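Colleague: Please find the sequence and the predicted model below.
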Amino acid sequence: MLILGIESSCDETAASVVKDCREIRSSVISTQIEEHKKYGGVVPEIASRRHCENILGVVRKALDDAQVTLADLDGIAVTYAPGLIGALLVGVSFAKALAMSAGKPLIPVHHIAGHIATNYLTFPELEPPYLCLVASGGHSHIIEVLSYTKFHVIGRTRDDAAGECFDKCARAMGFPYPGGVHIDNASLSGDPKAFRLPHPAVAGNEFDFSFSGLKTNVINLLHNSEQKGIEINRNDLAASLQATISEILTGKTIAAAKALGYRKVAFAGGVSANTGVRSALSSACEENGFEFYMPEKKLCGDNGAMIACQGSYNLLAGITADESLNAVATLSMEDI
Ligand code: KG4
Ligand code: ZN
C-alpha cells in the first residue's frame, strides 16, 4: 500500500510517500521559518500564500523521490484539522483536486493523530493501546491511544501549549522564532536550579496543563531585572525553564499512566525534540518499569510522513472523505 501524505497546517509545506504504513519512501519539507522569523511568529496570511506557491513542487518532489507516479498510489492523505485555517485550506483543496482527478481515495487526517503516528515510523513493533503525551506549538495533550484510529483525551492545556510557553519565553529572552530549540541549546550550559519557577496548580482535572502562569513568571522576571539593571544569565534561565516544563509534562504523564494502568508510554509533537523533556520522560518511564517510545528527532516537527502513516491506518479502517471535505481550525481528537 502506497499513501501520499500532505501537511500544510502551519508553517511547513510537506509531502511524503509511505509504503505499507511504516516505511518512508520519501519526505519533502519546505519550511517558512526564515520568513516568519522577521515577525517573531507565524503570520497566517503569509503562511497560506507560501503553501500555495510551494505545494505543487513539494508534492511532485515527494512522488519523484519515491519513484512513484499518481497511478501507483492507493490513497491521498491530508491534514484537515486543526491548524491555521487558510494554511489548512491550501492542503485540503490541493489533495481533494489531486484525489478526484486521479480517482484515488481522499483520506482526512487529524494533525495530532499524525504526530502520534511518528512513533509507528520510528518503532516497527509499536502497537496500540498505549498512553501518549503530545506537546507541540499549539497543543499539550495526554491521550489514550485506544487503537490506530480511536483516541481518548484525558488531559489538555487550559491555556498555552508547552511549545508556546517555550517560544514566548524564548522571545522575551531575545532568542529568534521559534525559540524552543534555542532554549534547548542554551540549557546545555545553564544551571537548571538557578531559578525557582512555579508549577501551576490546575483545579478540576489533575491531568490538565496550564503554562500561561509559568510564561508570565519568566517574562516578569526578565522585565523586573531589566528595570533594576540586573543582568540575568540567559543559559541559567533557559535551563530552569526547560527543567520546569520537563517536570510538569513528565509528572502528569507518569501519574496518568499509573492511574489508568498503562505500562506503555509514548511522546510526540514538536516539543518531543527537546533534549531535557526526552531524557526526563525516558528516565521516569524506566524508573516505573514502563516501555517508552519517542520519535527520532527528524520526525518530531511537522512532516508529511506522519500524515501518510496515519492516513494509511485511516484507510485500512475505512476512514475516507468525499469532495465535501473542508478544513477545520479547531477539532478535538474525539470528534474525528
Ligand atoms: O509540532 P510542531 O512542529 O508544530 C505544531 O503542531 O505546533 O511544534 C512546534 C513547536 C514550537 O513551539 C517549537 O518551538 C517546539 O515545537 N520545539 C521545541 C524544540 N523543537 C521544536 N521545543 C523545545 N525544544 C526543542 N528542541
Ligand atoms: Zn505539529
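Modeller: Noted; the coordinates are in hand. Ligands and ions are numbered 1, 2, ... in the order given.
Colleague: going forward, measure contacts between C-alpha atoms and count neighbours the same way
Modeller: Noted.
Colleague: got a list of what the residue nearest the centre of the chain touches?
Modeller: Centroid-nearest residue in the chain: G269, 2.7 Å away (criterion: Cα atoms, centre = their mean). G269 sits next to I112, H115, I116, V134, A135, S136, C300, G301, D302 when contact means Cα atoms under 8 Å, 6 or more residues apart in numbering.
Colleague: right, and the first one touches V134 too?
Modeller: Read that as I112. Yes - using Cα atoms under 8 Å, I112 makes contact with V134 at a distance of 7.5 Å.
Colleague: In terms of secondary structure, what does the helix or strand that contains L221 contact?
Modeller: Counting by DSSP states H and E, the element that carries L221 is helix 212-228. Using 3 or more Cα pairs under 8 Å, 6 or more residues apart in numbering; DSSP states H and E as the contact test, the elements touching helix 212-228 are helix 162-172.
Colleague: and the stretch 201-336 of the chain, which residues reach ligand 1?
Modeller: For the stretch 201-336 of the chain, the contact set with ligand 1 under Cα under 6 Å from any ligand atom comprises G269, G270, V271, A273, N274, G301, D302.
Colleague: Kindly report the same for the stretch 51-200 of the chain.
Modeller: For the stretch 51-200 of the chain, the residues in contact with ligand 1 (Cα under 6 Å from any ligand atom) are S136, G137, G138, G163, E164, D167, P178, G179, G180, V181, D184.
Colleague: Give me the neighbour count for the last one.
Modeller: Close neighbours of D184, defined as other Cα atoms under 10 Å, add up to 21.
Colleague: again, but for the fourth one
Modeller: Here the neighbour count serves as a burial measure; for G163 (other Cα under 10 Å) it reads 26.
Colleague: Not counting its neighbours along the chain, what's nearest it?
Modeller: With sequence-adjacent residues excluded and distances taken as Cα to Cα, 6 or more residues apart in numbering, G163 is closest to G137, at 4.1 Å.
Colleague: Test my guess that the one you found contacts Y177.
Modeller: No - G137 lies out of contact with Y177 (Cα under 8 Å); the separation is 11.6 Å.
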